[in-house]
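K.L.:
need coordinates for the following:
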Amino acid sequence: MNLVITISRRFGTGAGVIAEELSRRLEIPVYDKAYIEHELEGESYADEAELIKELATHSCIILGRCASEILKDQGNVFNIYICADKEDRIHRVMAKKSLSYEDAKATLEQNDRARADYYYRHTGKVWGDVNNYHMILDTSQLGIDKCADILLRYFERIEII
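P.N.:
Model prediction:
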């Protein structure tokens, strides 16, 4: 089956690690902001939505870019939202980017605002609204490593993989 996984996430949740682990274990590619922006530079697509719809013709994982909303009418799409406690996210950003607590907190808050604004501007919806996702995973409660396992077990159980 052609499985498309969209992952929306708060900054600093470890969602990229989860996406990479799913990619490795399912043997499907991950497409993120950098990949999509690079593809758009070639100007072979009218906009991000067109490119995302094209990527979704094959099994893949798409990080962010309002993919959950762009692909909402496709039955093969599974939308995930990754969250975590703010303090955990701050400490993860501190470690990953070698920032002070205050700088990491400011970076996180700025990034969250930018993502919320981007999502609203492109969809008219509230970013992180539980009604927009099939599953929400909290890496503070579950751990980053367990989230990919949870998703894989779920996909196996409902016989998607």
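K.L.:
so where is this protein shaky, pLDDT-wise?
P.N.:
In the predicted model of the chain, residues 1, 161 satisfy pLDDT under 70.
K.L.:
what segments of this structure are strands?
P.N.:
For the chain, the strands defined by DSSP state E cover 4-9, 30-31, 60-63, 77-83, 135-138.
K.L.:
closest one to G42 among the ones you listed?
P.N.:
strand 30-31 (14.5 Å; CB to CB). No exception for glycine: its C-beta is placed from N, CA and C like everyone else's.
K.L.:
for D73, give me its contacts.
P.N.:
Residues in contact with D73 (CB atoms under 8 Å, 6 or more residues apart in numbering): none are found.
K.L.:
phi, psi of it?
P.N.:
phi -90, psi 0 (degrees, to the nearest 10).
K.L.:
likewise T57?
P.N.:
When read as degrees, to the nearest 10, the backbone of T57 gives phi -80, psi -10.
K.L.:
what count of nearby residues applies to it?
P.N.:
11 (other CB atoms under 10 Å).
K.L.:
what residues are up against the nearest residue to it once chain neighbours are set aside?
P.N.:
Among residues not flanking T57 along the chain, N2 sits closest, at 7.5 Å (CB to CB, 6 or more residues apart in numbering). Applying CB under 8 Å, 6+ apart, we find N2 in contact with T57, H58, S59, N76.
K.L.:
now the end-to-end length of stretch 25-40.
P.N.:
Separation of the first and last residues of stretch 25-40 by CA to CA, to the nearest Å is 28 Å.
K.L.:
run the chain-centre distance for that stretch.
P.N.:
Centre-to-centre, stretch 25-40 and its host chain are 11 Å apart (CA atoms, centre = their mean, to the nearest Å).
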